[in-house]
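1. Structure of the sequence below:
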Amino acid sequence: MKIGVISDTHGHVDLTQAAVRMLQSLDVEVVLHCGDIGGPDVVRQFHHWPTHFVAGNCDYDLDALGAAVRAENQHWHDQFGELTIDGLKIALLHSHDRKAFRKACRSGDYDLVCYGHTHIAAVEESDSTLVLNPGAVYRANPHSVAIVETAPLAATVIPL
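-> Coordinates of the predicted model:
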């Protein structure tokens, strides 16, 4: 199974649409958004798949943003998401709360930790946990998303 991972769209619909087209071309089945969404217009771009969203430090009205996500029949996890996809235990967060980020990476509770905030793509391992930052759709060079293959577990950053 392929999971698309995206972060830091910051309300930029045109750049988000380019990222969505890339994810479509890669045949992802579900998408994880690691925060700094930027508003309902971005949320609406993900109607092609089940999408899980968490808030970032630049997402201010979390009640309204959560309502927008739910209105699109998508999944809102507020600041921290815990989910299981294709048998993988996944933590989803923005990582501006460094303590929560370190805890998720070091706990051994997750097969995969997906995060944003830094606008820098990274694929690392922390013991038995794959730690992934897909980079950013806005304010990054290059703009990027990531793909996670669930079996065997592997992640690839894809420049836009």
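2. and the next element down the chain from the helix or strand hosting Val145?
-> Here Val145 sits within strand 144-150, counting by DSSP states H and E. Remark: after strand 144-150, the chain's next helix or strand is strand 153-159, criterion DSSP H and E.
3. who does that following strand pair up with?
-> strand 144-150 (antiparallel) (DSSP bridges).
4. list the buried ones in the strand it pairs with?
-> For strand 144-150, burial by neighbour count (16 or more other Cβ atoms under 10 Å) applies to 144-148, 150. The way it works is simple: take the backbone N, C-alpha and C, and place the C-beta from them, glycine included.
5. Residues contacting stretch 72-92, please?
-> The contact list for stretch 72-92 (Cβ atoms under 8 Å, 6 or more residues apart in numbering) reads 1, 3, 30, 32, 34, 43-44, 46-47, 50-55, 62, 65-66, 69-70, 93-94, 97, 100, 104, 109-115, 150-151, 153.
6. Show me where this structure has its strands.
-> With strands called from DSSP state E, the chain shows them at 2-6, 30-33, 51-53, 75-76, 80-85, 88-93, 112-114, 122-126, 129-133, 144-150, 153-159.
7. Ranked by average pLDDT, which of those falls at the bottom?
-> Comparing mean pLDDT across these, the weakest is strand 122-126, with a mean of 94.
8. what residues are up against the closest residue in space to Val28 that isn't next to it in sequence?
-> Leaving aside its chain neighbours, Val28 sits nearest to Gly4 (3.7 Å; criterion: Cβ to Cβ, 6 or more residues apart in numbering). Contacts for Gly4 (Cβ under 8 Å, 6+ apart) come out as 23, 26, 28, 30-32, 49, 145-147.
9. What about the residues you listed, which one has the most neighbours?
-> Counting neighbours by other Cβ atoms under 10 Å, the top entry in those is Leu32, with 29 neighbours.
10. ok, what's across the strand from that one?
-> On the basis of DSSP bridges, Leu32 is bridged to Val5, His52.
11. picking that back up, hmm, who's touching the strand holding Val145?
-> The contact list for strand 144-150, computed with Cβ under 8 Å, 6+ apart, reads 1-6, 19, 22-23, 26, 28, 85-88, 112, 114, 121, 123, 130, 132-137, 154-160.
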